[in-house]
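# Need a 3D model of the following:
(chains A and B)
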Number of protein chains: 2
Amino acid sequence: MTAPADILVVGSVALDSVRTPYGQVEEALGGSASYFSLSASHFSRVRVVAVVGEDFPGRYRGQLEARGVDLSGVETAAGRTFRWRGEYMAELGHAHTLETQLNVFSTFHPHLGPEHTRAPFVFLANIDPDLQLEVLTQMKAPRRVLSDTMNYWIARKPDRVVEVLRRVDVALLNEEEARALSGETQLAAAADRLIEQGARAVIIKKGEHGALYRSPEEMFITPAFPLPTLRDPTGAGDSFAGGFLGWLARSGRLDGDSLRQGLACGAAMASLAIESFSPQRLIETTPAEIGDRVAALHRMVSFRLDPIF
Amino acid sequence: MTAPADILVVGSVALDSVRTPYGQVEEALGGSASYFSLSASHFSRVRVVAVVGEDFPGRYRGQLEARGVDLSGVETAAGRTFRWRGEYMAELGHAHTLETQLNVFSTFHPHLGPEHTRAPFVFLANIDPDLQLEVLTQMKAPRRVLSDTMNYWIARKPDRVVEVLRRVDVALLNEEEARALSGETQLAAAADRLIEQGARAVIIKKGEHGALYRSPEEMFITPAFPLPTLRDPTGAGDSFAGGFLGWLARSGRLDGDSLRQGLACGAAMASLAIESFSPQRLIETTPAEIGDRVAALHRMVSFRLDPIF
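Reported below is the predicted structural model:
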């Protein structure tokens, strides 16, 4: 295996206050770029481009740096850090947003240095699609670009979201986003339609039900790693993205085998993220534990293809 | 491969009137035993024990018999056949029951002949758990018994439902039933709890998200076969059961490999059932088509287990 390649993530670094039936946290480390980079850091070197306020705790910066995450692209702006407050009900399916304070994030504009524009792997987290396109334009010759989005942008800038879909290698969407953007109710039909709309490949995230990868040529499915001890679903999607892109960057291979393995790594990392409040488990996990989860997933889904008739 | 073993199913044969966003049918062939036996008939010989009214259409009897299903245990009672009327909304997740007429089914009492009590494979569809136990008591030495249930019985006779769970080899439940019976919200925890309650093995059916098999030793997961053309979800669970138990009866093997393959056969048969109104696709499908779906599912879920780190 060659040396793992660098990954650039452009997204949010935030302070999350979350309540679930299993407990709560106040102003924990959060944001798409934080979850993504802590997850991907187990596979490869990650550089973050984001903005925080002057009140961003040094200990959170330390937690990211201790995992080897390069924060030189994280700007500190005058004002307060992006804050999100949310709540999950018994089945933990959907977050109910109680409060969003964009603060310094409302005027965020990604500033990329040469070490960023040369990154071979890129994750465009769920920021404004105009900013995603701006980042894309600056990238030299990325090997794989993964994007995320959210219903907020699909409702406001659907054309720009579709433009991003057409220009990245793989677009991540959750079920609602895939339905909203494609106009199709059934997920398999939604995936087909997104490909017709020009996406090169999509991953539809189904939360506790796993994820589906669809390109014009292929379809792969991974279940979620089953957990009896789920605590807080915050960050699951970004942690999935970190495992997926992290594995591609680590393996250096972009073939079907590697994509399938990437889905399994994504499922493993998402399962770790949601076993604790805040990204605690993502920080503490080990290569052995990640490998065990991928192997367990392999045992759960594999079957021998014998002739039936 | 030895000759496929006989399967006994005890359940309902009904007339279904169903409306979905994709169309509707009036008094189509329905009922758990009908869907199960048409599905399992592609794998093995099926004998049905059920009751119909004097108005049960001869053409439906003919459709079952044309698939080799033995209807000698289907009693014709004075009165009308069991009727169900239901509706599915856009996402097709749950049936809204508009009308249930039990008719002759309300006094159904399974009468088993020697050819029934000697069947090596048994499916106890979602009838009264007292009747399920009565059938169980009469069986000679079945190799594998699969049971189904429904919320109606879990609410009214929870102890009897648990008693069935303890006495059958594999108990099928959908998500809501698993949650109701176990008192656990997360499905992996619900499966654990059902095993603690004495189930030898459970399969939790998750509809469009597939199914999960759990025994004290093992956990297997299959996604649903992704379909862009879903029309009517009625009978999906019983068709799944038919593919699962059908494969065990056909292969004659009861090891982990065969259980995993059975889940894939179940997913393939469920996908066929829901592609048309009434069991039309189950009747018309071919060994080649079923084999193709199982192989496609294999391609979608398999991944090569390479070392990650």
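# right, and the helix or strand after the longest helix seen in chain A?
When chain A is parsed with DSSP state H, its longest helix is helix A:256-273. Counting by DSSP states H and E, the next helix or strand C-terminal to helix A:256-273 is helix A:280-284.
# about what we covered before: give me the buried positions along the longest helix of chain A.
Using 16 or more other C-beta atoms under 10 Å in any protein chain shown as the test for burial, helix A:256-273 gives A:256, A:258-273. C-betas here are computed from N, CA, C, even on glycine.
# Among the residues you listed, which ones lie close to chain B?
Among those, the residues that sit close to chain B (C-beta under 8 Å from any C-beta of the partner chain) are A:260-261, A:263-265.
# Please name the strands paired to the helix or strand hosting A:R85 in the sheet, noting orientation.
Assigned by DSSP H and E, A:R85 belongs to strand A:83-88. Next to strand A:83-88 in the sheet, as set by DSSP bridges, lie strand A:14-20 (parallel), strand A:95-101 (antiparallel).
# can you give me the mean pLDDT across the last one?
Think strand A:95-101. Throughout strand A:95-101, pLDDT has a mean value of 89.
# Would you indicate which residues of stretch A:194-214 are buried?
Neighbour counts over stretch A:194-214 (16+ other C-beta under 10 Å) mark A:194-195, A:199, A:201-214 as buried.
# For chain B, tell me which of the residues you listed show up nearby.
A:206, A:208-210, A:212.
# Just the residues you listed: which are in strands?
A:L212 (DSSP state E).
# with the ones next to chain B among the buried residues of stretch A:194-214 in mind, which one is nearest to A:F105?
Using C-beta to C-beta, A:K206 comes nearest to A:F105 of these, at 27.6 Å.
# thought the closest one was touching A:I221?
No: using C-beta atoms under 8 Å, A:K206 is not in contact with A:I221; the gap is 9.3 Å.
# Find the residues that touch each one of the two.
Common contact partners of A:K206 and A:I221 (C-beta atoms under 8 Å, 6 or more residues apart in numbering or on different chains): A:L212.
# rewinding a little: which strands and helices lie in contact with the longest helix of chain A?
Packing partners of helix A:256-273 (3 or more C-beta pairs under 8 Å, 6 or more residues apart in numbering or on different chains; DSSP states H and E): helix A:32-40, strand A:211-214, strand A:219-222, helix A:236-251, helix A:280-284, helix A:287-301.
# so which of the ones you listed comes closest to B:R304?
helix A:287-301 (8.8 Å).
# what about that closest one, distance to the chain center?
Computed by C-alpha atoms, centre = their mean, to the nearest Å, the chain-centroid distance of helix A:287-301 equals 20 Å.
# And the contacts of it?
A:42, A:222-223, A:225-226, A:243, A:261, A:264-265, A:267-269, A:271-272, B:219-222, B:301-303, B:305, B:307-309.
# how much space between the residue nearest the centre of chain A and B:V161?
Note on chain A: the residue nearest the mean C-alpha position is A:D238, at 2.3 Å, using C-alpha atoms, centre = their mean. Using C-beta to C-beta, to the nearest Å, one obtains 41 Å as the distance from A:D238 to B:V161.
# Test my guess that A:C265 contacts A:W247.
Yes: the criterion here is C-beta under 8 Å, and A:C265 meets it with A:W247 at 4.1 Å.
# Now list whatever residues contact both of those two.
Joint contacts of A:C265 and A:W247 (C-beta under 8 Å, 6+ apart) are A:43, B:308.
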